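>>> I'd like to go over a predicted model; first the sequence, then the structure.
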Amino acid sequence: MGTLILSILLSCVHLPAGTHDAAEKNPAARRPNIVIIFIDDMGYADIEPFGCKSYATPNLTQMAKQGRKFTDCLVSSAVCSSSRVALLTGCYHQRVGIDGALGPASEIGISEHETTIAELCRAQGYATACFGKWHLGHHPKFLPTAHGFDRYFGIPYSNDMWPLHPEAVARRQQQPTAKSPWPPLPLLRSNAPGEVEIVNSDMQPDDQKLMTRQFTQHAVEFIREHHSQPFFLYLPHPMVHVPLYVSPEYEGRSGAGLFGDAVQEVDWSVGEILRVLDEFKLSENTLVIFTSDNGPWLSYGNHAGSAAPLREGKGTMFEGGCRVPTLMQWAGTIPAGTTCDQLVSTMDFLPTIAKLIGAPLPELKIDGRDIGPLLRAEPGAVSPHDYLYLFYNPLSLHAIRTPRWKLHLPHPYRTLSGRAGGRDGTPVAYDQKQLELALFDLAGDLAETTDVKAEHPGVVAELLAVAERARGQLGDQLTKTTGTEQRPPGRMEAEDTRLIRD
């Protein structure tokens with residue numbers, strides 16, 4: 001296991017003198033801390049507050065009792081990198097040029113011209129940190145410390161982009177001379193733009209077992225270190241993405257298999273964060289958000305979760321792929337034990353946080369909206385969205401959502417067609433199908449089973465017009481439309497430093 005340090009200090013951030021003085025003298029008047037806990041591939045029904053009965057998630061259950069449950073929260077796209085860039089920039093992934101799941105061979109990442117939540121917070125004097133899975137470009141110019149985070153400790157992309165993925169191992173068993181499609185998976189640390197320390201150049205299964213615990217411990221230490229100043233903590237856990245791993249303390253603990261064990265360890269992590277906030281009496285001054293990047297990876301069967309009662313899962317823009325379990329807690333501000341059924345998006349986090357901390361919105365256009373009134377359950381508060389666009393591969397518009405209706409445009413999609421998924425880490429193959437134009441009334445049909453376009457031609461016509469506007473702005477490969485508002489991703493140039501492994 002080797003360590004390499006690349007030190008290219010690209011910029012320095014100077015906070016104004018006295019930024020923290022007033023807050024330390026009067027903590028109650030301080031701007032709120034922000035904590036976002038982002039889970040990988042967690043389905044709508046994978047935790048008790050959203051219907052799970054197979055295992056207990058006591059800390060998330062308590063979070064729901066102390067905060068607010070959002071039952072109609074959507075992600076921009078039902079896949080890793082696209083969903084993450086939308087959350088951090090408040091933009092459709094299609095707008096900022098990030099599609100699908102970036103891998104070790106990728107030459108693109110989040111653009112330096114985009115503004116992240118971390119950059120907004122740091123400009124207001126916040127300490128910022130990211131611990132976990134990044135997945136928005138793995139070279140130094142794309143890593144968190146180049147985009148507003150003071151420190152980063154984690155893996156650069158998904159934990160299955162790895163030579164020891166069960167599928168890759170099975171392939172080599174059949175073809176012993178076959179080369180792995182993946183390089184070793186590194187664990188990284190960075191405390192400055194352009195600076196990257198490879199803590200572990202070749203993660204092994206025993207290392208992956210400790211990830212949830214390690215990232216949680218880093219997060220707790222960060223809160224302890226910065227409890228007397230405003231902070232933004234982003235904790236994007238690699239779990240419960242396959243391959244699943246848990247620490248020895250959680251192996252077999254759930255009684256519901258390895259997936260239940262992994263969810264319970266994530267629940268433990270949430271409890272650790274909430275406890276340290278209570279320890280420093282920060283609960284009344286901290287917004288905590290818990291959500292997922294997309295729905296469950298259903299082809300993995302007992303190593304995947306559930307999106308019940310929603311249709312399909314990850315990799316589709318049916319509700320099971322793009323509607324995610326979301327909890328928010330802020331003692332004294334968010335009313336305890338309440339539920340919000342209004343349409344919101346993870347893109348809304350950036351403008352909402354900006355309003356809360358007094359930060360200006362990014363200069364470039366964003367798509368999220370302030371949902372502060374919904375957080376506070378203000379009388380008469382409704383969704384700020386008339387429409388949300390749902391894009392997916394191949395970079396095309398799959399559906400239009402309103403608070404009630406969902407119009408699917410013709411597009412291909414993957415499905416198990418009612419079959420069971422795989423077992424113990426080995427998936428089954430999806431069927432590929434084509435969906436034609438269809439309208440679903442989600443008010444009474446969350447499972448998207450009954451096409452009602454014939455009964456509501458006016459709704460169809462309205463949403464088709466919205467779809468044309470969306471395509472004109474953000475493009476669509478299926479209809480060969482170039483968007484007028486698309487922005488390019490960041491790209492590697494000849495002079496850029498690359499992440500080099502020992």
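That came in fine, so what should we check first?

>>> Residue 470 versus residue 484, what's the distance?
From residue 484 across to residue 470, the span is 11 Å (Cβ to Cβ, to the nearest Å). Where C-beta positions appear, they are placed from N, C-alpha and C, glycine not excepted.

>>> Between these two, point out the one with more neighbours.
Higher neighbour count among residue 484 and residue 470: residue 470, with 23 against 9, using other Cβ atoms under 10 Å.

>>> where does that one land on pLDDT?
At residue 470, the model reports a pLDDT of 97.

>>> was I right about it contacting residue 389?
Yes - at 4.4 Å, residue 470 counts as touching residue 389 under the criterion of Cβ atoms under 8 Å.

>>> Could you tell me which residues touch both of those two?
Both residue 470 and residue 389 are in contact with 397, 400, where contact means Cβ atoms under 8 Å, 6 or more residues apart in numbering.

>>> Please identify which helix or strand holds the closest residue to residue 291 other than its chain neighbours.
Nearest non-adjacent residue to residue 291, counting by Cβ to Cβ, 6 or more residues apart in numbering: residue 326, 4.3 Å away. According to DSSP states H and E, residue 326 maps onto strand 323-329.

>>> Which residues outside that strand are in contact with it?
Strand 323-329 has contacts (Cβ under 8 Å, 6+ apart) with 42-47, 49-50, 60, 63-64, 66-70, 72-75, 274, 283, 287-295, 307, 310, 334, 344, 346, 375.

>>> Okay, and the beta partners of the residue nearest to residue 291?
Counting by DSSP bridges, residue 326 forms beta bridges with residue 70.

>>> Sheet-wise, list the partners of whichever helix or strand comes after the strand holding residue 326 with their directions.
Once the chain leaves strand 323-329, the next helix or strand it forms, by DSSP H and E, is strand 338-340. With DSSP bridges as the test, strand 338-340 is paired with strand 68-74 (parallel).

>>> CA-only coordinates of the strand it pairs with in PDB, if you can.
Output in PDB follows, covering the C-alpha atoms of strand 68-74 (Å, rounded to 0.1, in the frame of the first residue of the first chain):
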ATOM      1  CA  ARG A  68     -40.300  16.200   8.800                       C
ATOM      2  CA  LYS A  69     -40.700  13.400   6.200                       C
ATOM      3  CA  PHE A  70     -40.800  14.400   2.500                       C
ATOM      4  CA  THR A  71     -42.700  11.800   0.600                       C
ATOM      5  CA  ASP A  72     -42.400  13.300  -2.900                       C
ATOM      6  CA  CYS A  73     -38.700  14.200  -3.200                       C
ATOM      7  CA  LEU A  74     -37.100  13.600  -6.700                       C
END
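
>>> relative to strand 323-329, how tilted is it?
150 degrees (axes from the mean of the first three to the mean of the last three Cα atoms, to 10 degrees).

>>> How about residues contacting strand 68-74?
Counting by Cβ under 8 Å, 6+ apart, 49-50, 291, 322-329, 334-335, 338-346, 374-375, 377, 388, 390, 401, 403 sit against strand 68-74.

>>> among these, which ones are buried?
49-50, 291, 322-329, 334, 340, 342-346, 374-375, 388, 390, 401, 403 (16 or more other Cβ atoms under 10 Å).

>>> Tell me which stretches of the stretch 351-500 of the chain form helices.
In the stretch 351-500 of the chain, the helices defined using DSSP state H, counting those that start in this stretch lie at 372-375, 457-474.

>>> JSON lines please, covering those and showing distance to residue 134.
Formatted as JSON lines, the helices of the stretch 351-500 of the chain follow (distance: least, Cβ to Cβ, whole Å):
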{"stretch": "helix 372-375", "distance to residue 134": "27"}
{"stretch": "helix 457-474", "distance to residue 134": "24"}
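
>>> right, so those helices: which one is the most enclosed?
Neighbour counts (mean count of other Cβ atoms under 10 Å) averaged over each of the helices of the stretch 351-500 of the chain peak at helix 372-375, with a mean of 20.

>>> By mean pLDDT, point me to the weakest helix or strand of the chain.
The helix or strand of the chain with the lowest confidence, counting by mean pLDDT, DSSP states H and E, is strand 5-6 at a mean of 40.

>>> circling back: out of the helices of the stretch 351-500 of the chain, which is closest to residue 495?
helix 457-474 (30.8 Å; Cβ to Cβ).

>>> Provide a list of residue ranges in this structure with pLDDT below threshold.
Filtered on pLDDT under 70, the chain yields the residue ranges 1-29, 500-502.

>>> Residue 217: how many residues sit nearby?
A count of neighbours around residue 217, defined by other Cβ under 10 Å, yields 15.

>>> Can you say which helix or strand has it in it?
Using DSSP H and E, residue 217 sits in helix 211-226.

>>> what's that helix in contact with?
By Cβ under 8 Å, 6+ apart, helix 211-226 touches 127, 129, 131-132, 151, 153-155, 159, 231, 233, 235, 237-239, 245-247, 249, 262, 265-266, 268-269, 272-273, 276-277, 280, 282.

>>> Please repeat the previous calculation with a cut-off of 7 Å.
Under the criterion Cβ atoms under 7 Å, 6 or more residues apart in numbering, residues 127, 129, 131-132, 153-154, 231, 233, 235, 237-239, 245, 247, 265-266, 269, 272-273, 276-277 lie in contact with helix 211-226.

>>> Which SSE is immediately downstream of it?
Taking DSSP H and E, what comes next after helix 211-226 is strand 231-236.

>>> Could you chop the chain up by domain?
Domain ranges of the chain: 29-379, 389-490, per automatic domain parsing.

>>> could you dump those domains to a markdown table with distance to residue 496?
Output for these, formatted as a markdown table (distance: least, Cβ to Cβ, whole Å):
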| stretch | distance to residue 496 |
| --- | --- |
| domain 29-379 | 5 |
| domain 389-490 | 9 |
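
>>> got the residue ranges for the strands in the stretch 101-250 of the chain?
Ranges of strands in the stretch 101-250 of the chain, per DSSP state E, counting those that start in this stretch, are 108-109, 127-133, 151-155, 187-190, 196-200, 231-236.

>>> So for residue 430, which of those sits nearest?
Among these, strand 127-133 comes nearest to residue 430, with 23.6 Å by Cβ to Cβ.

>>> how distant is the closest one from the center of its chain?
When distances are taken as Cα atoms, centre = their mean, to the nearest Å, strand 127-133 is centred 13 Å away from the chain's centroid.

>>> which other helices and strands contact it?
helix 117-123, strand 151-155, helix 211-226, strand 231-236 (3 or more Cβ pairs under 7 Å, 6 or more residues apart in numbering; DSSP states H and E).

>>> Nice, that's everything, thank you.
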